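S.K.: Sharing a sequence plus its predicted fold:
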Amino acid sequence: MKVRLFEIFTSVEGEGILYGTKTLFVRLAGCPFTCFYCDTVDALPLDSGKEYAIEEACGLIDKELQDKTFKVNFTGGEPLIQHDAVAEMAKHVQSLKIPTYLESACFDSNKFSHVLPFIDYVKIEFKTVDSNFVDSKHYPNLIENTLDCLRYCVSSKKITYIKVVVSSKTKVEPFKKLLTDIFKVVSKEDLAGFIIQPTYGISEPSLEHLLNLYDLVHPYYNYVRIIPQLQKLMGAP
């Protein structure tokens, strides 16, 4: 089995409920989607990075892993387009007694379910319709797949949180519908967090807009948090 990696590096986790933790990032190469706010554009081409045998990739992880690292984050690109390889690498990391974390758009519930047994912390990211991740025709199917991923996490008793990236383009009514769909699937007791993440450097939402979106989530999940990308503020990779 082969895997195409863009980079492996240690930094501070800048997003989500585990922000501030020392993390080894395993960035997989390639993503066929088109979020307008993507901040890893160099890793998007499917032929970017370098191809390794799985054994070589696991050896790179071992080599780069620093003492007192809190977790290993499989990110991208989009990790699920290489789901078999992610499962093998995550299984290796778990054998080292280090928690694993998946940073994915959850666009394919079948690929996700293959990786899930080897992931300890799961971020379920719901894309807004304005993100341009997919076109409006394919957006309902994306949300159904993401909801299925959420169901799998809850039934598997994984540590699960939800993240939604929002911008000045994010409209209230589609956001409200997204919340309705999400909380038909889960209750607040199922979640370890609900993160609203503002875009950075492009179509940034106003504070008023962020607080309006916060207020929409709060009746469903009163521990909702607005958390910007810490790594951007720090100048970290």
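M.R.: Done, it's in. Residues are numbered from 1 along each chain as shown.
S.K.: Longest helix in this protein, please.
M.R.: Looking across the chain with DSSP state H, the single longest helix is helix 139-155.
S.K.: chain center to that one: distance?
M.R.: Distance of helix 139-155 from its chain centroid, counting by CA atoms, centre = their mean, to the nearest Å, is 13 Å.
S.K.: Outside of that helix itself, list whatever touches it.
M.R.: Outside helix 139-155, the residues within contact range by CB atoms under 8 Å, 6 or more residues apart in numbering are 105-109, 112-113, 116, 122, 124-127, 129, 133-134, 160, 162, 178, 181-182, 185-186, 190. Yep, even glycine has a C-beta here, placed from its N, CA and C like the rest.
S.K.: Run the chain-centre distance for whichever helix or strand comes after that helix.
M.R.: Downstream of helix 139-155, the next assigned helix or strand under DSSP states H and E is strand 159-166. What separates the centre of strand 159-166 from the centre of its chain is 8 Å, taken as CA atoms, centre = their mean.
S.K.: May I ask you to name the longest strand in the chain?
M.R.: Of all the elements of type strand in the chain, the one with the most residues (DSSP state E) is strand 2-12.
S.K.: Give me the contacts around the lowest-mean-pLDDT helix or strand in the chain.
M.R.: Taking mean pLDDT, DSSP states H and E as the measure, the helices and strands of the chain show their lowest mean at helix 230-234, namely a mean of 85. Identification of contacts with helix 230-234 by CB under 8 Å, 6+ apart yields 11-15, 19-20, 39, 200-201, 236-237.
S.K.: From the contacts of helix 139-155, which land in helices?
M.R.: Helix and strand membership here follows DSSP H; of the contacts of helix 139-155, those in helices are 109, 112-113, 178, 181-182, 185.
S.K.: Out of those, grab the one that's most surrounded.
M.R.: Highest neighbour count within the ones in helices among the contacts of helix 139-155: residue 112, with 26 neighbours (other CB atoms under 10 Å).
S.K.: If we ignore the residues flanking it in sequence, what's nearest that residue?
M.R.: Using CB to CB, 6 or more residues apart in numbering and skipping residues adjacent in sequence, the residue nearest residue 112 is residue 149, 4.6 Å away.
S.K.: measure that neighbour to residue 194 for me?
M.R.: With distances defined as CB to CB, to the nearest Å, the gap from residue 149 to residue 194 amounts to 15 Å.
S.K.: Neighbour count for the two, which is higher?
M.R.: Neighbour comparison, residue 149 and residue 194: the larger count goes to residue 149, with 29 against 24 (by other CB under 10 Å).
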